[in-house]
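K.L.:
Turn this into a model:
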Amino acid sequence: MISTKSKYGIRALLYMALQGSEVKISIKEIAEKENISGRYLEQIFSTLKQGGIVKSLKGASGGYIFFKEIKNIKIKELIELLEKDIYCEIDDSIDSGSLETTLNEVLWREYNKKISDFFDELSLEDLVEKHKENKNLMYYI
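P.N.:
Residues are numbered from 1 along each chain as shown. Next up, the predicted model:
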C-alpha cells in the first residue's frame with residue numbers, strides 16, 4: 001500500500017512542476033496551498049533532496065527547485081525513495097510444488113512486475129500534462 005508520504009511527496013512535486021521547473025518554491029507555500037503539514041513536508045523533501053530529485057536554495061528567498069528535469073523523474077523512482085516497500089515479499093526458500101510457490105510465481109511476481117512497470121512508465125511531466133488536460137475539460141449539461 002502506498003503511504004501518505006508518497007502521496008504527499010508526489011503531490012508536492014506536482015505542485016512545484018505546475019509552477020515551473022525553474023521556480024523556487026518554499027515548503028511553507030506548498031504546505032499552505034496543498035494543506036499538508038510543513039514538518040511532514042520537510043521530512044519528505046529531505047529524502048527527495050538526498051535522492052537527487054530536488055535541491056535546496058538557502059537564504060531569505062530560499063526554497064526548492066528541481067535537480068532533475070521533470071520528464072526524467074519517474075513515479076517509480078519517487079515511490080521507491082519515499083516508501084520502504086510497495087512490493088509483495090516473496091519467499092524463495094519455499095519447497096517447489098507447494099501452494100506458496102505457485103502463488104509466488106503466478107500472482108506475486110507478476111503483481112510486482114506490473115506495479116513496477118506501471119510506475120516506471122509515468123513521469124512527473126506526464127502527471128503535469130494529465131492535470132492540465134483534466135483542468136481544461138468542459139462539461140455540458
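
K.L.:
name the helices or strands packed onto the longest helix along the chain?
P.N.:
Ranked by residue count and defined by DSSP state H, the top helix of the chain is helix 4-19. Packed against helix 4-19, as judged by 3 or more CB pairs under 8 Å, 6 or more residues apart in numbering; DSSP states H and E, are the following elements: helix 27-34, helix 38-50, strand 63-66, helix 75-82, helix 124-135. To be clear about C-beta, it is placed using only N, CA and C from the backbone, and glycine gets the same treatment.

K.L.:
got the contact list for the longest one?
P.N.:
Contacts with helix 38-50, where a contact means CB atoms under 8 Å, 6 or more residues apart in numbering, come from 5, 8-9, 12-13, 27-28, 30-31, 54-56, 64, 67, 78, 81-82.

K.L.:
The last one too?
P.N.:
Identification of contacts with helix 124-135 by CB under 8 Å, 6+ apart yields 10, 13-14, 17-18, 69-71, 73-75, 78.

K.L.:
how about a cut-off of 6 Å?
P.N.:
Under the criterion CB atoms under 6 Å, 6 or more residues apart in numbering, residues 13-14, 17, 70-71, 73 lie in contact with helix 124-135.

K.L.:
low-scoring stretches of the chain, by residue?
P.N.:
The chain contains residues with pLDDT under 70 at 137-141.

K.L.:
For Thr101, which of the helices and strands packed on helix 4-19 is the nearest?
P.N.:
Thr101 sits nearest to helix 75-82 of all those, at 26.6 Å, using CB to CB.

K.L.:
For that closest one, name the packing helices and strands.
P.N.:
The criterion is 3 or more CB pairs under 6 Å, 6 or more residues apart in numbering; DSSP states H and E, and the helices and strands that helix 75-82 contacts are helix 4-19, helix 109-121.

K.L.:
ok, 10 Å please
P.N.:
helix 4-19, helix 38-50, helix 109-121, helix 124-135 (3 or more CB pairs under 10 Å, 6 or more residues apart in numbering; DSSP states H and E).

K.L.:
Among the helices and strands packed on helix 4-19, which comes closest to Ile115?
P.N.:
The closest of those to Ile115 is helix 75-82. By CB to CB, the value is 8.7 Å.
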